[in-house]
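> coordinates only, no sequence provided:
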């Protein structure tokens, strides 16, 4: 394999110039390795979206939030409980937002409706109760 001079800061033009120096056999090898890298990277990105789409509050926080919601509906929250309620509800909303964004991106990437993607990844679609 020939040696290619590479500047410290690479631009797309620099990369293309280096690739153009490859022989046909080296270019095929580069293309194959690049395709494998793209596939692997895409799978890692999809896995991260799936994890985010299935995220929820930890079980203990979920139970606490549900108890606080019930107390709030009865009008019996203490000031300390109200602070806990706000914190947990905000956390649940943040998780739900990230979950919906990840699900939307998965649906876009797969070209399928979100409900089908939810079924495919085994997501219940349930929120965090807030």
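Noted; the coordinates are in hand. Note that the coordinates shown come from a computational prediction; the quantities given were computed from them, not determined experimentally.

> going by C-alpha atoms from here, please, whenever you check contacts or count neighbours.
OK.

> okay, buried residues for stretch 54-61 please.
54-57, 61 (16 or more other CA atoms under 10 Å).

> ignoring the adjacent residues along the chain, who's closest to residue 110?
residue 117 (8.0 Å; CA to CA, 6 or more residues apart in numbering).

> now name the helix or strand holding the one you found.
Here residue 117 sits within helix 114-121, counting by DSSP states H and E.

> try residue 17
helix 12-20.

> centre of the chain to that helix, how far?
31 Å (CA atoms, centre = their mean, to the nearest Å).

> returning to what we had before: name the helices or strands packed onto the helix holding residue 117?
helix 79-110 (3 or more CA pairs under 8 Å, 6 or more residues apart in numbering; DSSP states H and E).

> any idea how far the helix it packs on is from the chain center?
13 Å.

> same deal with stretch 13-33?
On CA atoms, centre = their mean, the centre of stretch 13-33 falls 32 Å from that of its chain.

> farthest-separated two in the buried residues of stretch 54-61?
54 and 61 (16.2 Å; CA to CA).

> what residue is smack in the middle of this structure?
Centroid-nearest residue in the chain: residue 49, 2.8 Å away (criterion: CA atoms, centre = their mean).
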